[in-house]
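Trainee: Sequence and computational prediction follow.
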Protein chains: 2
Amino acid sequence: MEPPNGIGSIRALGYRLTFQREQIYHALERLGHATPDQVSQVLPETAGVSLSTIYRVLDLLEKIGLVHHTHVGHNATYHIGGYDDHVHLVCRDCAVIQEADPHLLDPAFAAMLRDYHFAADVRQLVIYGRCKECAPGDDGADSPD
Amino acid sequence: MEPPNGIGSIRALGYRLTFQREQIYHALERLGHATPDQVSQVLPETAGVSLSTIYRVLDLLEKIGLVHHTHVGHNATYHIGGYDDHVHLVCRDCAVIQEADPHLLDPAFAAMLRDYHFAADVRQLVIYGRCKECAPGDDGADSPD
DNA sequence: TCGCAGATGGGAACTGTTCCCATCTTATGG
DNA sequence: CCATAAGATGGGAACAGTTCCCATCTGCGA
């Protein structure tokens, strides 16, 4: 659905291709998942992209479908791609974000539509829990927070 | 697991039962789901509970398991009870929060544990989507955002 | 009733995000 | 190749939600 040039397609949509927009897009590509602040931090001095611009550009990129964002805890977290939907699994211990196949939730979402008439949107979904590395042994100890 | 007196059990845990703690707890009981700010707004003048205290008390109540919170968009949203787990269904149009049976997700969560070794925590789960009232007709029109 | 550990009020400080506007840049037409 | 105008950026002010600090106050055990 996206041309392989990613950010390049911005021109076809009537937006200008600026240095900053490229930098931000590519930074996000490298990071995978990142908050606006994290994007800011990985941009080299030479880029000199202001935070305002990062917010503005990420917003624009989302509007045109090149990126998506979800709220992880207190922060907006962006990632490339609006097409390859995935669920975010956020480890509450190490904060690492994994991506999971959204189809795992199809039955649950179907049940929600049936039982509650609620049309869930998988693209916004963030699931908190504990990843493999942070899990206690298989003795299933539970120590919430 | 909870004595029926709710906030009363705070004494047994070594915390003082203050006027403010009662007010906050009961406000949350009435509201169902509420942000600290919403709690503040429903407390009568006579209560005069400062926002600092509301944050502090909600935090305490969560620590001792009387309430739970999740992040809905940009806001921390609290609700009574750590025992009757439920999933939050947040309508992105009208912002109403429904509660759904968490067992709907058991199969999906089991699959996540199996496929990703990720132990999901249903108590933190917030699902965005569109509720019955805000849904377009059954022609399934999709207008994201 | 007294005393003190613990709780509160309220305002300062902090963080993430949005807004504003003067300045600068991209893309177009000459 | 340059001028131009619409569009984009920088940076700081403004905002909202939340945390922190400390002087003052209060619940509750002695």
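Mentor: It's in.

Trainee: can you pull out the helices in chain A?
Mentor: In chain A, the segments counted as helices under DSSP state H are A:19-31, A:36-42, A:51-63, A:106-116.

Trainee: Could you say which of those is packed most deeply?
Mentor: Neighbour counts averaged per stretch over the helices of chain A are highest for helix A:19-31, at a mean of 19; criterion: mean count of other C-beta atoms under 10 Å in any protein chain shown. Backbone N, C-alpha and C define where each C-beta goes, glycine included.

Trainee: Tabulate the helices of chain A in CSV, adding columns for distance to chain B.
Mentor: Formatted as CSV, the entries for the helices of chain A read as follows, by distance: least, C-beta to the nearest C-beta, whole Å:
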stretch, distance to chain B
helix A:19-31, 19
helix A:36-42, 14
helix A:51-63, 8
helix A:106-116, 5
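
Trainee: Turn these into a markdown table, columns for mean pLDDT.
Mentor: As requested, those are exported to a markdown table (pLDDT from 0 to 100):
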| stretch | mean pLDDT |
| --- | --- |
| helix A:19-31 | 95 |
| helix A:36-42 | 95 |
| helix A:51-63 | 96 |
| helix A:106-116 | 95 |
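
Trainee: Make CSV out of those and add distance to DNA strand C.
Mentor: Supplementary listing: the helices of chain A in CSV, determined by distance: least, C-beta to the nearest atom of the strand, whole Å:
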stretch, distance to DNA strand C
helix A:19-31, 5
helix A:36-42, 5
helix A:51-63, 4
helix A:106-116, 26
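
Trainee: how about CSV for the ones you listed, with distance to B:Thr18 added?
Mentor: As requested, the helices of chain A are exported to CSV (distance: least, C-beta to C-beta, whole Å):
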stretch, distance to B:Thr18
helix A:19-31, 46
helix A:36-42, 38
helix A:51-63, 41
helix A:106-116, 38
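
Trainee: can you tell which of those is closest to A:Gln98?
Mentor: When the helices of chain A are ranked by proximity to A:Gln98, the top entry is helix A:19-31, at 14.6 Å, counting by C-beta to C-beta.

Trainee: Could you tell me the angle between that closest one and helix A:51-63?
Mentor: On the basis of axes from the mean of the first three to the mean of the last three C-alpha atoms, to 10 degrees, helix A:19-31 is oriented at 70 degrees to helix A:51-63.

Trainee: What is helix A:19-31 packed up against?
Mentor: With contacts defined as 3 or more C-beta pairs under 8 Å, 6 or more residues apart in numbering or on different chains; DSSP states H and E, helix A:19-31 has these neighbours: helix A:36-42, helix A:51-63, strand A:75-80.
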